[in-house]
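In: build me a structure from this.
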Amino acid sequence: MARSINQVILMGRLTRDPEQRTTTTGKNIASFSIAVDRAGQDDAADFFDVTAWEKLGDLVMQYLAKGRRVLVQGRLRQDSWDDKETGKRRTRVEVVATDVTFLDSANGGEGAPASGQSSRPASNDVVIEDIDDKPIDLSEIPF
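Out: This is a model prediction of the structure:
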């Protein structure tokens, strides 16, 4: 018998700055939403509400802002409640994040590492300028 799976992976841009709130038990929650472009369709996107709890939520609040690209991994959660104004039953699906990867730098640069490392090679890195087509002598390989 197969077990149930509830997993989602989304990549998109924040549509607004994250907002933080605290539960009655003192846990921090960061809420934000992302827009995910639909492949092959110009000007079409899907929008997802995301929540990140505790330490992950603190990191989201510290490093993310509207327009930043992120990769969100998590699970879907559906909430339902009675609307106080209309009395109708309402539902909402949101992503509860288990991991958020920052895909660009704070200044919006494409492809910059989120860890703050420079994309230039370090001074001890070897940069190969020219590669020839000579065969490799396997006896020179030390392993």
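In: so where do the helices sit in the chain?
Out: Counting by DSSP state H, the chain has these helices, from start to end: 54-63.
In: list of residues touching stretch 17-31?
Out: Here stretch 17-31 makes contact (Cβ atoms under 8 Å, 6 or more residues apart in numbering) with 32, 49-54, 56-58, 60-61, 64-66. Any C-beta I mention is one placed from the backbone N, CA and C, and that applies to glycine too.
In: go through it and flag the buried ones.
Out: Judged by neighbour count using 16 or more other Cβ atoms under 10 Å, the buried positions of stretch 17-31 are P18, N28, I29, A30, S31.
In: could you give the average pLDDT over it?
Out: Mean pLDDT, computed over stretch 17-31, is 94.
In: how about stretch 42-55?
Out: 92.
In: just stretch 87-100 next, same as before
Out: Per-residue scores along stretch 87-100 average to 94.
In: report the buried residues of it.
Out: E94, V95, V96, A97, V100.
In: most widely separated two among the contacts of stretch 17-31?
Out: Taking every pair in these and measuring Cβ to Cβ, the maximum separation is 22.6 Å, between E54 and K66.
In: next up, the contacts around the residue positioned nearest the centre of the chain.
Out: Centroid-nearest residue in the chain, with Cα atoms, centre = their mean: L71, separated by 2.4 Å. Going by Cβ under 8 Å, 6+ apart, L71 touches I9, L10, M11, V100, T101, L103.
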